[in-house]
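Undergrad: Need coordinates for the following:
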Amino acid sequence: MNKKRLLIIDDDPRNIFALENTLRAKSFDCLSCLSAEEALKILASEEIIDAVLIDMMMPEMDGYEAIPLIKAIPSRRLTFVVSVTAQAMVGDKEKCLEAGADAYISKPVDVDKLLQVLKEI
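TA: Next comes the predicted model:
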């Protein structure tokens, strides 16, 4: 079985560190970046990325703005996008899905729930 390659986008390095360590221990290959702008460059240049985990609340460009831009990259139209948010307010899941996310996870991330979502890729 080939390792699935994930891109983690979060403006907090501690969140990236925790997710990367957890997912690598579960045999995922992880890339990461601290902004949506940087993520768009990575997604345009990297050939294989199976899924994107994106923090919805980031400065400059949030996940709601970034997801449609990710999906607009021709090679990323079908890339699986998981929105990750600490806000977890009523209607957030629907708003994330409307923006183009394929799945929704709230923080703190429940690893078992995240792994279940990632089985879809």
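
Undergrad: Residue 21 versus residue 66, what's the distance?
TA: Taking Cβ to Cβ, to the nearest Å as the measure, residue 66 falls 24 Å from residue 21. Just so you know, the C-beta spots here come from the backbone N, C-alpha and C atoms, and that holds for glycine as well.

Undergrad: More neighbours: the two, which one.
TA: residue 66 (27 against 10; other Cβ atoms under 10 Å).

Undergrad: Not counting its neighbours along the chain, what's nearest that one?
TA: residue 36 (3.6 Å; Cβ to Cβ, 6 or more residues apart in numbering).

Undergrad: Work out for me the element residue 19 sits within.
TA: Using DSSP states H and E, residue 19 falls within helix 13-25.

Undergrad: and after that helix, which helix or strand comes next?
TA: Using DSSP H and E, the next helix or strand after helix 13-25 towards the C-terminus is strand 29-33.

Undergrad: can you list contacts of that next one?
TA: Contacts with strand 29-33, where a contact means Cβ atoms under 8 Å, 6 or more residues apart in numbering, come from 3-10, 16, 19-20, 23-24, 39, 42, 46, 49.
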